[in-house]
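Trainee: how would this look folded up:
(4 chains)
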2 protein chains.
Amino acid sequence: MRSVADADSVRRQNRGLVLSTLRRLGPMSRTQLASATGLSHASISAIGGELIGQAILIDGDAPPAAGLRGRPAVEVRFNRHICHAVIVEIDVNRVRSTLIDYAGTLVDRTEIPVTPELFAAARPGAIIVERIRQLEQRNPDEMKTLKIIAISVQGILDRAGDGLKWSPINHMSGESLVTPIREAFGVATTLHKRGRLLADGARLLYPELGDQPIAAVFIGSTVAMGMSMPGRGAASDSGATEFGHMNHLPDGARCRCGQRGCIEAYAADYGVLRSAYGVPDQVPPAATVPAAAYQELVHLAQTGRRNAIHAFNLAGRAIGFGLSRLMTISPPGHILITGPGAGAFELMRAEIESALRDCLVSRVNGPPTITVHHDEREPIFQGMLMGTLDALDRTYFATVSDNGIARVR
Amino acid sequence: MRSVADADSVRRQNRGLVLSTLRRLGPMSRTQLASATGLSHASISAIGGELIGQAILIDGDAPPAAGLRGRPAVEVRFNRHICHAVIVEIDVNRVRSTLIDYAGTLVDRTEIPVTPELFAAARPGAIIVERIRQLEQRNPDEMKTLKIIAISVQGILDRAGDGLKWSPINHMSGESLVTPIREAFGVATTLHKRGRLLADGARLLYPELGDQPIAAVFIGSTVAMGMSMPGRGAASDSGATEFGHMNHLPDGARCRCGQRGCIEAYAADYGVLRSAYGVPDQVPPAATVPAAAYQELVHLAQTGRRNAIHAFNLAGRAIGFGLSRLMTISPPGHILITGPGAGAFELMRAEIESALRDCLVSRVNGPPTITVHHDEREPIFQGMLMGTLDALDRTYFATVSDNGIARVR
DNA sequence: GCATTATTTTCAGTGCTCGAAAAAAGGAAT
DNA sequence: ATTCCTTTTTTCGAGCACTGAAAATAATGC
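Mentor: Numbers count the residues shown, from 1 in each chain, chains lettered A, B, ... in the order given. Here you go, the predicted structure:
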């Protein structure tokens, strides 16, 4: 765990410090970099020169001289052209593939709906390869410098992070994704759980939440939750949970996963519909539910229909008790509710808050705060974007000077 | 989070590497240290000389020359006299205080029972101070080099780790422990949750468990669980849970904590007795239960008494579902069962294993292994001992060379 | 007593950071 | 147009840590 340090690891660490400071705070002059990182001007000069020599950073082309006195500051920024990344988001509804450059700018994006025919024609790995090929055709130059592919999925990853051992999207269970894609494009390929990305993205989107642990709950066709822990980068693999399949009631309602009593069986779209309409226990849960049917039920509950209100109460109770159980293991300071079900939050709020309040940890430390963020796409994308750029930075931490790349002096 | 590295931080890191290698593997020669740490002989010579100059390490006095050819190796070991630590364990039954030296050897130990009179006469902080004073009287020389006091407690710590916001031992709720003790002895004082120490200690006691996350469950007058995560030292504060007060059944049995349906209300000694004897819900849970009464119930169950068997089934079910819920948040690879209730494990095993097996994560990844370790004292003490010595080592990491201590050449 | 062998220290070389001084690059003033 | 001023950036020398190789050390064996 602990390992030898030498001069090289010092340089590596400080290169990382420079890159992550630029990543976090944006382009800035060498002087600003020195004070933001705490390194001396001399070191910034050396490290900056090295990174520019390797074309990882570039000197800003537009020096915004604002009528100040002395030598004008030159901003250092990421060389957006040095490499690119592809970000793939898969869920029940669509496959969205985005090409970004090293500065994090969106270069191109494609999106296709997920249809029954899609998975009938090809395996998930092949579908993703095909999606990325399309980006390649449209952006041949950029794709020549592709360095990493990041994919967001739902389900349980295998230990190596190569594929899905289980997924709520049936066709994806047991599929290896990383291997076919890595072989097709010859670049690093990583898999990320959606819930975790959601929480990381929420931290970026709401900086005012500060350094507390954040739990992000997704309510929709599934129920998912991820946690973002302060201090660790996106690299840490903790915080990837199977919240939706935490048992709420022993021998409870039937869940799509085959177990009984999961939170999802009460709080995902199909769960709420089943309890509202009293679907008999023998009927297995539907694979998908039309969005309209769920919206209709929300509307019914909002207009006072008893069975609908009751169903949302049960859903809130399941989520609330799930969160109260989470409080005993790894208490978040803040909870973010997202997804299509966020629109029904007011219908569940009382039950969620009451379960969350009536647990020992909340009574002692106060309950976590809750906010609602209806759209889940943006935080997921942001979380994966930042995590992927961080990973790219990290590959450059290691590439210290003497690697054949000319050093500009 | 990321910070500047320089020559000093390199030396600090490598000093830490040397100390933690010696801590883990025991005394060894410089040559062995070089290959165990990966540092060069030259660096070991420099770092070792520095640490010996500071009297943190010493050359072994008894060189075990075993008839080998060349220059005999000299073992380097911790200077046990350089500092000492006091370890205090508090639970419902006793207060045990142990004085150890820097090499981890037990120097002296006192133990007193916890009686109702004890807490009537003095506040917990004062009681501990008095206990340590006794060690001081008996070991005045050793206590002159006291560097740290570590205390194991049950309950919820305040954010700063200074005191208990809540504790199952009534007299300890809301008590600040660290401040009075630190002021009395003028040394660093740390509070540790028992469950967490148990898990850390289990990792030390069962090295064959390797690098998996370990959950240690204590069953007795309370139910507690701590997790030990691989890779992080004992410093990480995650893994301290309130498992016993995780809700098992909404609106369930009355718990001592004032909530309903906690795991403890079914699986702690009082919980099992209440369900076995059908104690009416209005009767509040007893503050303590005689050990004999619990043992008697175990015996009854073992000899086939229906109500007793049923009570242990309910207890196993509560623990099993608790663990299955844990599996969705932070799945352990191994579960260790300890405490007085470990003697009744066979009565609970079927329910625990069935709940643990029938959850999605176990179905996909296989259920965690379970072992029983009846005694809980040893792992708790070992966990705290190692964590405290690590903390002492860490204070010496920072003390690099130029601090006035003569450097021997 | 001298060769042999294994351990430990010393030495020269290299890389990194830092503080101070020098160089660079414009605007302002004469 | 030239010189002064101000601020940024680079260069230089010192100090420290690590490494590999060579030297010193401390026994054993003949």
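
Trainee: what does the helix or strand residue A:21 falls within rub up against?
Mentor: For residue A:21, the enclosing helix or strand under DSSP states H and E is helix A:7-25. For helix A:7-25, the external contacting residues (C-beta atoms under 8 Å, 6 or more residues apart in numbering or on different chains) are A:28, A:33, A:36-37, A:39, A:43-44, A:47-48, A:50-51, A:56-57, A:76-78, A:386, A:389-390, A:393-394, A:396-398, A:400-401, B:2-7, B:9-10. To be clear about C-beta, it is placed using only N, CA and C from the backbone, and glycine gets the same treatment.

Trainee: same deal with stretch A:76-84?
Mentor: For stretch A:76-84, the external contacting residues (C-beta under 8 Å, 6+ apart) are A:22-23, A:26-30, A:33, A:48, A:52, A:55-60, A:99-105, A:107, A:142-143, A:145-148, A:392.

Trainee: and the helix or strand encompassing residue A:225, what's its mean pLDDT?
Mentor: Residue A:225 is part of strand A:223-228 when elements are defined by DSSP H and E. Within the predicted structure, the mean pLDDT of strand A:223-228 is 95.

Trainee: what is that strand packed up against?
Mentor: Judged by 3 or more C-beta pairs under 8 Å, 6 or more residues apart in numbering or on different chains; DSSP states H and E, strand A:223-228 is in contact with helix A:194-205, strand A:214-219, helix A:306-329.

Trainee: the inter-axis angle of it versus helix B:306-329?
Mentor: Strand A:223-228 and helix B:306-329 are oriented at 70 degrees to each other (axes from the mean of the first three to the mean of the last three C-alpha atoms, to 10 degrees).

Trainee: quick one on the thing from earlier: can you tell me which of the helices and strands packed on strand A:223-228 is most buried?
Mentor: Among the helices and strands packed on strand A:223-228, strand A:214-219 has the highest mean neighbour count (mean count of other C-beta atoms under 10 Å in any protein chain shown), at a mean of 30.

Trainee: so what touches that one?
Mentor: A:194-195, A:198-199, A:201-203, A:223-228, A:243, A:267-268, A:315, A:319, A:323, A:326, A:332-342, A:344, A:368, A:376, A:379.

Trainee: where does the stretch 1-150 of chain A dip in pLDDT?
Mentor: The stretch 1-150 of chain A contains residues with pLDDT under 70 at A:1, A:61-67.

Trainee: enumerate the residues of it near chain B.
Mentor: Applying C-beta under 8 Å from any C-beta of the partner chain, one finds that the stretch 1-150 of chain A approaches chain B through A:1-7, A:9-10, A:13-14, A:16-17, A:20, A:37-39.

Trainee: and for the stretch 151-300 of chain A?
Mentor: Those residues of the stretch 151-300 of chain A that sit near chain B, judged by C-beta under 8 Å from any C-beta, are A:156, A:159, A:165-166, A:229, A:231, A:233, A:238, A:241-243, A:245-247, A:249-250, A:257-259, A:262.

Trainee: double-check residue A:197 against residue A:385; I have them as touching.
Mentor: No. Assessed by C-beta atoms under 8 Å, residue A:197 is found out of contact with residue A:385, at 9.5 Å.

Trainee: now do the spatially most central residue of chain A, the pLDDT please.
Mentor: The residue lying closest to the centre of chain A (C-alpha atoms, centre = their mean) is residue A:197, at 1.6 Å. For residue A:197, the pLDDT comes out at 95.

Trainee: list the contacts for it?
Mentor: Residue A:197 makes contacts with A:152, A:226, A:379, A:380, A:383, A:384, A:387, as judged by C-beta under 8 Å, 6+ apart.

Trainee: which non-adjacent residue is nearest it?
Mentor: Spatial nearest neighbour of residue A:197, excluding adjacent residues (C-beta to C-beta, 6 or more residues apart in numbering or on different chains): residue A:383 at 3.8 Å.

Trainee: element containing the one you found?
Mentor: Applying DSSP H and E as the criterion places residue A:383 in helix A:377-398.

Trainee: what separates that helix from the chain centre, distance-wise?
Mentor: 10 Å (C-alpha atoms, centre = their mean, to the nearest Å).

Trainee: still on that earlier bit, following the strand holding residue A:225, which helix or strand comes up?
Mentor: Downstream of strand A:223-228, the next assigned helix or strand under DSSP H and E is helix A:264-267.

Trainee: now that next one: mean pLDDT?
Mentor: Computed over helix A:264-267, the mean pLDDT rounds to 97.

Trainee: what's that helix packed up against?
Mentor: Contacts defined by 3+ C-beta pairs under 8 Å, 6+ apart place helix A:264-267 against helix A:269-277, helix A:306-329.

Trainee: do that again at 6 Å, thanks
Mentor: Packed against helix A:264-267 by the contact rule (3 or more C-beta pairs under 6 Å, 6 or more residues apart in numbering or on different chains; DSSP states H and E) you find helix A:306-329.

Trainee: show me how chain A divides into domains.
Mentor: Here the domain parsing of chain A from automatic domain parsing is A:7-81, A:84-186, A:201-375.

Trainee: can I get whatever helix or strand residue A:100 lives in as PDB, trimmed to CA atoms?
Mentor: If you go by DSSP H and E, residue A:100 is part of strand A:94-101. What follows is strand A:94-101, C-alpha atoms only, in PDB (Å, rounded to 0.1, in the frame of the first residue of the first chain):
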ATOM      1  CA  ARG A  94     -31.400   5.700 -25.400                       C
ATOM      2  CA  VAL A  95     -27.700   5.300 -26.200                       C
ATOM      3  CA  ARG A  96     -25.900   8.700 -26.300                       C
ATOM      4  CA  SER A  97     -22.300   9.000 -27.400                       C
ATOM      5  CA  THR A  98     -20.300  12.100 -27.000                       C
ATOM      6  CA  LEU A  99     -16.900  13.000 -28.300                       C
ATOM      7  CA  ILE A 100     -15.100  15.600 -26.100                       C
ATOM      8  CA  ASP A 101     -11.700  17.100 -26.400                       C
END
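
Trainee: nothing else from me, thank you.
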